[in-house]
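Participant: need a structure here:
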Amino acid sequence: MLVVGFPTGALQANCYLLASGEGEACVVVDPGQDAVEPIAEALRKHRLSPVAVLLTHGHFDHAFSVTPVCDGNDVPAWIHPDDRDMLSDPLKGVSRETAAFFGGQLAMREPSEVRELADGVTLDLAGLSLLVDHTPGHTGGSVMFRAGTGEGGRLVLSGDTLFAGSIGRTDLPGGDHAAMLESLRHKVLTLPDDTVVLPGHGPSSTIGRERAGNPFLVGLDDRPAAPRRGM
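Facilitator: As a prediction, the model looks like this:
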């Protein structure tokens, strides 16, 4: 498998291109701010043809370039329905401080074609099989994408659910700390230790490394489950 990754924008969100190899079809994951040109350069360099854009969640630092990338290549965007509103209202999921930093104005619109993700569904795209895990907590519609590699390895694109040594914040609009703990317990800690983690920010890691040293994960699988909220 070919994986190309690079940080984008003011908040340095990681964008990834995944393909079965050079000169093949690919998917683009999380095209954030200022991602259009780096993506185009990577497509040229590796002779790749995009067939879809996948979003781990709707925050603008991960989705700001989704429309020019999708509409410019005539491909759909995939996002969980709980985060879809942020594609046309990017300030919906940010803090007051972030909104103020951008002058209270940040314009986005939906791509021409948007498809909605569901938990447990496998997407067969660009010769890859990507399993969708709904992991609410950072946002209501956060997801991770799991894939196997042709070399026998496995990886997870964890978005802002899991970082190397940390997890995504849950104090933003739509965040839910109890839901995050459930996602970490049931969707992250159940993964094999050799799974490579490609996070939404910062360096890569492995599930084993995070299980052993991430302070937000250590002992989490031994704690009682958080009580579920009533309807």
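
Participant: show me where pLDDT drops low in this structure?
Facilitator: 95-96, 98-105, 150, 222-231 (pLDDT under 70).

Participant: residue closest to the middle of it?
Facilitator: By Cα atoms, centre = their mean, the chain has its centre lying nearest to Thr56, at 2.6 Å.

Participant: now the closest residue to it other than its chain neighbours: phi and psi?
Facilitator: Excluding the flanking residues, the one nearest Thr56 by Cβ to Cβ, 6 or more residues apart in numbering is Gly159, at 2.7 Å. Where you see a C-beta, it was placed from the backbone N, CA and C, and this is true even at glycine. Dihedral pair for Gly159: phi 60, psi -140, per degrees, to the nearest 10.

Participant: and the residue nearest to the centre of the chain, what helix or strand is that in?
Facilitator: Thr56 belongs to no helix or strand when elements are defined using DSSP states H and E.

Participant: OK, contacts around it?
Facilitator: For Thr56, the contacting residues are 29-30, 62, 142-145, 157-161, 200, by Cβ atoms under 8 Å, 6 or more residues apart in numbering.

Participant: tell me which of these is nearest to Asp133?
Facilitator: Met144 (4.5 Å; Cβ to Cβ).

Participant: doesn't Leu130 make contact with the closest one?
Facilitator: No. Counting by Cβ atoms under 8 Å, Met144 stays clear of Leu130, with 9.9 Å between them.

Participant: so for these two, which residue has more residues nearby?
Facilitator: Each of Met144 and Leu130 has its neighbours counted (other Cβ atoms under 10 Å); Met144 has more, 26 against 23.

Participant: from Asn214, how far off is that one?
Facilitator: Distance of Met144 to Asn214, given as Cβ to Cβ, to the nearest Å: 15 Å.

Participant: could you find the closest non-adjacent residue to Asp89?
Facilitator: The shortest distance from Asp89 to any non-neighbouring residue, by Cβ to Cβ, 6+ apart, is to Met108 (7.8 Å).

Participant: oh, that last question was meant for Asp221, not what I typed.
Facilitator: Leu189 (4.7 Å).

Participant: and what of Leu11?
Facilitator: Counting by Cβ to Cβ, 6+ apart, the residue nearest Leu11 is Asp61, at 4.1 Å.

Participant: can you list which of the contacts of Thr56 are found in helices?
Facilitator: The helices, defined by DSSP state H, take in His62 from the contacts of Thr56.
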